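Asks: Provided below are the primary sequence and the corresponding predicted coordinates.
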Amino acid sequence: MDIPSLSSASVIIIGAGISGLGAAKVLSEKGIKDFVILEASDRIGGRIHKEDFCSLKVETGAGWIQGVGGKELNPVWELAQKLGLRTCFSDYSNARFNIYDQSGNVFPRSLASEAYERAVHLANERLRCEEAEVGQCATEEAPLAPSTPMELAIDYILHDFEMAEVEPIATYTEFGEREVLVADARGYDHLLYKMAQSFLTTREGHILDPRLKLNKVVREMEYGRQGVSVRTEDGYIYRGRYAILTVSLGVLQSDLITFRPPLPKWKQDAISKCEIIIYTKIFLKFPFKFWPCGPGTEFFLFAHSKRGYYTFWQHMENAYPGSNMLVVTVTNDESKRIENQNDEETLMEIMEVLRSMFGPKVPMAESILVPRWWNNRFQRGSYSNYPILSSPSDFRDIKAPVGPIFFSGEHTSEKFNGYVHGGYLSGTDTANSLLETMKTKSMALDSQRASRSSEDMAWGVAKRHVVHPWLFITDNLALNHSASSCLHKWDFAQQLFPSGKLAVDEAIK
Ligand SMILES: Cc1cc2nc3c(=O)[nH]c(=O)nc-3n(C[C@H](O)[C@H](O)[C@H](O)COP(=O)(O)OP(=O)(O)OC[C@H]3O[C@@H](n4cnc5c(N)ncnc54)[C@H](O)[C@@H]3O)c2cc1C
């Protein structure tokens, strides 16, 4: 039986996505080994997730590495290259010229080009209106809204795919304009496993390190001057001096975690201001190909009178040659609608769309895979999307610590929110801020102790001090815990199971 030790949980990291693992790696490299990672699901990776589909591994979460080939090296691209992850270049630029109508005709390039330019103009006008003082825009001519199926399809890809962010987009200006699709049988999450391997105990592809705890759903975080106490759904309580909370914005907006005391109003406002996008890639397997292949065909659009109705399509011939696979992407309200119906109904809708694009002979799909990011209570959406006119203070507030709780995750990255590299960089940033805080507190405590000890000397009292560099943190915690201040610190863990259930090996590490 492990003897619980208060000294070994200076930091509780919540979430084993790229942000949580990135933070843990930095702490470990800087000598803080006494952390515990609590992960709600039964795997690492979070929104980087592969699933088995028709003998292939497909990426139902993040698929691309965006920001490649620029003056700065995207850290995720660097890792992918080191591991020799198989990727293929994605060229979206043709999508707008492969627009199918409901009778299977492709719109002429000139018409599509014109519509595209009009849509860009409209988007800029809308932005100008939003930026203008209230009322100013109303006096000017209001831009015409898109109305035809083709206009709606273009407007949809502009707003839900290419131009959903404020220009210029730091990912592209700093890391480069190219995007590569990860298509490796080991999966995108191989990158996370390799990262974990550098600081957690692993064997034969499995993480065995007791500091990583899977299936631990955090439900309550009680925090104060002495630290943080974290209760998981299975009744365990973990205490630490600090916590790094990396759960998604969708989870923060839900009621999965209760904070005691409640988070301050400025933090709650920052959390509710930001939007969460739902992005659903539906995978379909066919007995044979009936779509065009070759250069300039990978992406195509379906123009329907309902905006966003199975609009964005990709064939997987570049990623998985010979797989006879298509992916159709839906977002937001359509994602919610589709998540809430059964896959048979979705398949019927998709078959109707495909037959209107490619004719009645299109064969029935053999398999369909519909990920459900919205209904997943550990995600509640796919990635954050800040309103176009967000201010730097919105980012400051969403990232700022509340007492001993440090916030991390892609949504806290001012420059790269929404992306895998945003998650990674937020984790390393947060860990470095925490280390800075620990250092400052340590220096303050040292000077307090020094002055106390000189007072003691003056009174002739012999005093022994804790020597472990990190013990002072938890030592301080125990001393301030009134109910247990008379206990030896090894007894402390038993106080953490109010139900009387003793699971010492699960107690604070
Ligand atoms: C469908 C989809 C497509 C995407 N496409 C791309 C793309 O092409 N390129 C790109 O760069 N990015 C893409 N993204 C975004 C990218 O995946 C994320 O930005 C990134 O993975 C976020 O990492 P994170 O560590 O911040 O959060 P997460 O990966 O969400 O990690 C948070 C972890 O916290 C856990 N958790 C939640 N609640 C609790 C709780 N109560 N207790 C304990 N643990 C909890 C979760 O299970 C999760 O493992 C996509 C995302 C999705 C869903």
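Replies: Now that the structure is in, tell me what you want to look at.
Asks: which parts of the stretch 51-200 of the chain sit against the ligand?
Replies: Applying C-beta under 6 Å from any ligand atom, one finds that the stretch 51-200 of the chain approaches the ligand through Gly61, Ala62, Gly63, Trp64, Gln66. Every residue, glycine included, has its C-beta placed from N, CA and C.
Asks: count of residues packed around Ser433?
Replies: Ser433 has 16 neighbours, counted by other C-beta atoms under 10 Å.
Asks: that older thread, just the residues of the stretch 51-200 of the chain next to the ligand: which are in strands?
Replies: Members of these lying in strands (criterion: DSSP state E): Trp64, Gln66.
Asks: for the residue of the stretch 201-350 of the chain found nearest the ligand, list the residues it contacts.
Replies: Of all residues in the stretch 201-350 of the chain, Val218 sits closest to the ligand, at 3.5 Å by C-beta to the nearest ligand atom. Contacts for Val218 were tallied using C-beta atoms under 8 Å, 6 or more residues apart in numbering; they are Ile14, Leu38, Ala40, Val230, Arg231, Thr232, Glu233, Val247, Leu256, Ile257.
Asks: so what's it scoring on pLDDT?
Replies: If you check Val218, the pLDDT there is 98.
Asks: distance of the closest residue to it other than its chain neighbours from the ligand?
Replies: With sequence-adjacent residues excluded and distances taken as C-beta to C-beta, 6 or more residues apart in numbering, Val218 is closest to Ile14, at 5.2 Å. Distance of Ile14 to the ligand, computed by C-beta to the nearest ligand atom, to the nearest Å: 5 Å.
Asks: Ile14 bridge partners, please.
Replies: Beta bridges link Ile14 to Leu38, Leu245, judged by DSSP bridges.
Asks: doesn't Gly20 make contact with it?
Replies: Yes: under the criterion of C-beta atoms under 8 Å, Ile14 makes contact with Gly20 at 7.0 Å.
Asks: quickly list what's touching both of these two.
Replies: Here Ile14 and Gly20 have Ile37, Ile244, Thr246 as joint contacts, going by C-beta under 8 Å, 6+ apart.
Asks: specify the residue ranges that define each domain of this structure.
Replies: Using automatic domain parsing, the domain parsing of the chain gives 6-49+188-274+388-441, 95-169+277-369, 468-508.
Asks: ok, back up a step: the more surrounded of Ile14 and Gly20?
Replies: When neighbours are counted by other C-beta under 10 Å, Gly20 comes out ahead of the other of Ile14 and Gly20, with 30 against 27.
Asks: in a helix, the more buried one, correct?
Replies: Yes: remark: Gly20 belongs to a helix, assigned using DSSP: H, G, I helix; E, B strand; the rest coil.
Asks: in which helix or strand would I find Met443?
Replies: Remark: Met443 resides in helix 420-459, with elements defined by DSSP states H and E.
Asks: so Ile368 touches Met348, yeah?
Replies: No: the pair Ile368 and Met348 fails to qualify as a contact (C-beta under 8 Å) at a distance of 10.3 Å.
Asks: ok, those two, which is more surrounded?
Replies: Counted by other C-beta under 10 Å, Ile368 and Met348 do not tie: Ile368 has more neighbours, with 16 against 12.
Asks: nearest residue to that one other than its sequence neighbours?
Replies: Using C-beta to C-beta, 6+ apart and skipping residues adjacent in sequence, the residue nearest Ile368 is Leu347, 5.0 Å away.
Asks: what residues sit buried inside stretch 422-442?
Replies: Buried positions in stretch 422-442, judged by neighbour count with 16 or more other C-beta atoms under 10 Å: 422-431, 433-435, 438.
Asks: wait, which of those is closest to the ligand?
Replies: Once C-beta to the nearest ligand atom is applied, the member of the buried residues of stretch 422-442 that ends up nearest the ligand is Gly423, at 3.0 Å.
Asks: how much space separates the closest one from Phe312?
Replies: As for Gly423, its distance to Phe312 is 23 Å (criterion: C-beta to C-beta, to the nearest Å).
Asks: again, but for Leu263
Replies: 36 Å.
Asks: what about those two, which has more around it?
Replies: The residue with more neighbours, out of Leu263 and Phe312, is Phe312; 22 against 19, by other C-beta under 10 Å.
Asks: surely the more buried one is in contact with His159?
Replies: No: using C-beta under 8 Å, Phe312 makes no contact with His159, being 11.9 Å away.
Asks: residues contacting the closest residue to Gly427 other than its chain neighbours?
Replies: In space, and not counting its chain neighbours, Gly427 is closest to Gly22: 2.9 Å by C-beta to C-beta, 6+ apart. Contacts here follow C-beta under 8 Å, 6+ apart; on that basis Gly22 touches Met195, Gly423, Tyr424, Leu425, Ser426, Gly427, Thr428, Ala431.
Asks: okay, now the unreliable bits of the stretch 301-450 of the chain?
Replies: Within the stretch 301-450 of the chain, the segments meeting pLDDT under 70 span 389.
Asks: all the strands of it, residue numbers only.
Replies: With DSSP state E, counting those that start in this stretch as the criterion, the stretch 301-450 of the chain has strands at 312-315, 325-331, 367-369, 383-385, 405-407.
Asks: reformat the ones you listed as JSON lines; add distance to Cys274.
Replies: Shown next, in JSON lines, are the strands of the stretch 301-450 of the chain (distance: least, C-beta to C-beta, whole Å):
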{"stretch": "strand 312-315", "distance to Cys274": "24"}
{"stretch": "strand 325-331", "distance to Cys274": "16"}
{"stretch": "strand 367-369", "distance to Cys274": "29"}
{"stretch": "strand 383-385", "distance to Cys274": "5"}
{"stretch": "strand 405-407", "distance to Cys274": "12"}
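Asks: any chance of those strands in TSV, plus distance to the ligand?
Replies: Formatted as TSV, the strands of the stretch 301-450 of the chain follow (distance: least, C-beta to the nearest ligand atom, whole Å):
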stretch	distance to the ligand
strand 312-315	12
strand 325-331	9
strand 367-369	12
strand 383-385	4
strand 405-407	11
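Asks: spell out which parts of the stretch 351-500 of the chain neighbour the ligand.
Replies: Near the ligand, when you scan the stretch 351-500 of the chain using C-beta under 6 Å from any ligand atom, you find Trp373, Phe378, Gln379, Ser382, Tyr383, Gly409, Glu410, Gly418, Tyr419, Val420, Gly422, Gly423.
Asks: weed out the non-buried ones from the residues you listed.
Replies: Of these, these count as buried by 16+ other C-beta under 10 Å: Trp373, Phe378, Gln379, Ser382, Tyr383, Gly409, Glu410, Gly418, Tyr419, Val420, Gly422, Gly423.
Asks: help me confirm that Phe300 comes into contact with Gly104.
Replies: No: the pair Phe300 / Gly104 is not scored as a contact, 11.8 Å apart, by C-beta under 8 Å.
Asks: more neighbours: the two, which one.
Replies: Neighbour count, other C-beta under 10 Å: between Phe300 and Gly104, Phe300 has more, with 23 against 13.
Asks: pick out the residue closest to the middle of the protein.
Replies: Glu410 (5.1 Å; C-alpha atoms, centre = their mean).
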